[in-house]
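**Q** Pasting a predicted model and its sequence here:
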Amino acid sequence: MMHYYQFHIGDYRAATAHLSNDEDLAYRRLLDMYYDTEEPIPTDTDWVARRLRLDSHVIVSVLRDMFVLSELGWHHARCDKEISVYKGFSVAGKRGAAKRWGKGGDSPPMTPPIATNNQEPITNNQVNTYICPPAGEPEQSAPLQIPACQHQEVISLYHQHLPTLRRVEVWNATRQGYLRQRWREVAEELAQEKPIETANVLSWWGEFFQHIGKSKFLTGKVNSKDGRAFTADLEWILKPSNFAKIVEGKYHGNN
């Protein structure tokens, strides 16, 4: 069982810049669980949430963003790779020990060394447990064949169908992360019915933005008590709670 892994601060920060504080904590604890058990994260997210002492909806959000679902559970490509490397070293080490102590060779048995407090620690060149979260890496293949997120195409559809809303001038890591999460959620839902391509997902986003255009509240046509109107922008639209409410039509009641 793996008891530790290297943590590279720069790589982690780049990969998780879009996560909230709760999501960042959930991601760290999910990685710890993955390496500790050497198994994919179970699909019973309520059970996982209890074990990690976090809210279930936070766990689900992070799993959908940073992991890939299969029949065996939620997979993390980097974790799977490093666990495989670790197990390879472990098997090789046991074979070497068996040979040295006379259990697998022709030489007479030797007495195993006695461990002492002065024993040298395992070095990095003996066990490679490097972890690099998936920042900027290509989309990992999944059983549902989810197309890679098309950031610029979605932004273009937003500008095309919602020309009166704030234009996207800066597309930073936080906003990219929000879109990746929502893109995967939409694509996974569509792929449940039939195999999909990028065009299918983009078509959904076009219809989604048209749906937003029918909301007087979201398009700034309803004044609040102070006489000012709220106008949505793409980052606000992509935040998990806002996105769900828009899909459910909760901002379309006054149309």
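**A** Nice, I can see it. Residues are numbered from 1 along each chain as shown.
**Q** my read: residue 62 touches residue 26, true?
**A** Yes - using CB atoms under 8 Å, residue 62 is in contact with residue 26, at 4.7 Å. In short, each C-beta sits where N, CA and C put it, glycine included.
**Q** mind checking which helix or strand residue 85 is in?
**A** Element membership for residue 85, per DSSP states H and E: helix 77-100.
**Q** what does the average pLDDT come to for that helix?
**A** What helix 77-100 shows for mean pLDDT is 66.
**Q** Please apply the same query to stretch 168-183.
**A** Mean pLDDT, stretch 168-183: 92.
**Q** Please save the CA atoms from that stretch in PDB.
**A** Only the C-alpha atoms of stretch 168-183 are listed here, as PDB (Å, rounded to 0.1, in the frame of the first residue of the first chain):
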ATOM      1  CA  VAL A 168     -15.800  37.700 -22.800                       C
ATOM      2  CA  GLU A 169     -12.600  39.600 -22.800                       C
ATOM      3  CA  VAL A 170     -10.500  37.500 -20.400                       C
ATOM      4  CA  TRP A 171     -10.600  33.700 -20.400                       C
ATOM      5  CA  ASN A 172      -8.600  32.700 -17.300                       C
ATOM      6  CA  ALA A 173      -8.000  29.400 -15.600                       C
ATOM      7  CA  THR A 174     -11.100  29.800 -13.300                       C
ATOM      8  CA  ARG A 175     -13.500  30.400 -16.200                       C
ATOM      9  CA  GLN A 176     -11.900  27.600 -18.200                       C
ATOM     10  CA  GLY A 177     -12.500  25.200 -15.300                       C
ATOM     11  CA  TYR A 178     -16.100  26.200 -15.000                       C
ATOM     12  CA  LEU A 179     -16.700  25.500 -18.700                       C
ATOM     13  CA  ARG A 180     -14.800  22.200 -18.600                       C
ATOM     14  CA  GLN A 181     -17.100  21.000 -15.800                       C
ATOM     15  CA  ARG A 182     -20.300  22.100 -17.500                       C
ATOM     16  CA  TRP A 183     -19.200  20.700 -20.900                       C
END
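**Q** what comes up buried for it?
**A** Using 16 or more other CB atoms under 10 Å as the test for burial, stretch 168-183 gives 168, 173, 175, 176, 177, 178, 179, 180, 181, 182, 183.
**Q** what do you get for stretch 221-239?
**A** 232, 234, 235, 236, 237, 238.
**Q** close enough to count as contact, residue 174 and residue 18?
**A** Yes - at 4.4 Å, residue 174 counts as touching residue 18 under the criterion of CB under 8 Å.
**Q** OK, contacts around residue 60?
**A** Residue 60 makes contacts with residue 45, as judged by CB atoms under 8 Å, 6 or more residues apart in numbering.
**Q** and it, what element?
**A** With DSSP H and E as the test, residue 60 turns up in helix 56-66.
**Q** ditto for residue 202
**A** For residue 202, the enclosing helix or strand under DSSP H and E is helix 198-213.
**Q** Show me what the helix or strand that that helix is followed by is packed up against.
**A** Later in the chain than helix 198-213, the nearest helix or strand by DSSP H and E is strand 219-223. If you count contacts as 3 or more CB pairs under 8 Å, 6 or more residues apart in numbering; DSSP states H and E, strand 219-223 packs onto strand 229-231.
**Q** What lies in contact with the strand it packs on?
**A** Strand 229-231 is touched from outside by 164, 165, 166, 217, 218, 219, 220, 221, 222, 223, 224, with contacts defined as CB under 8 Å, 6+ apart.
**Q** ok, it: who's next to it in the sheet?
**A** Paired strands of strand 229-231, with direction, are strand 219-223 (antiparallel) (DSSP bridges).
**Q** what angle separates the strand or helix carrying residue 36 from helix 56-66?
**A** Using DSSP H and E, residue 36 falls within helix 21-37. Here the directions of helix 21-37 and helix 56-66 differ by 70 degrees (axes from the mean of the first three to the mean of the last three CA atoms, to 10 degrees).
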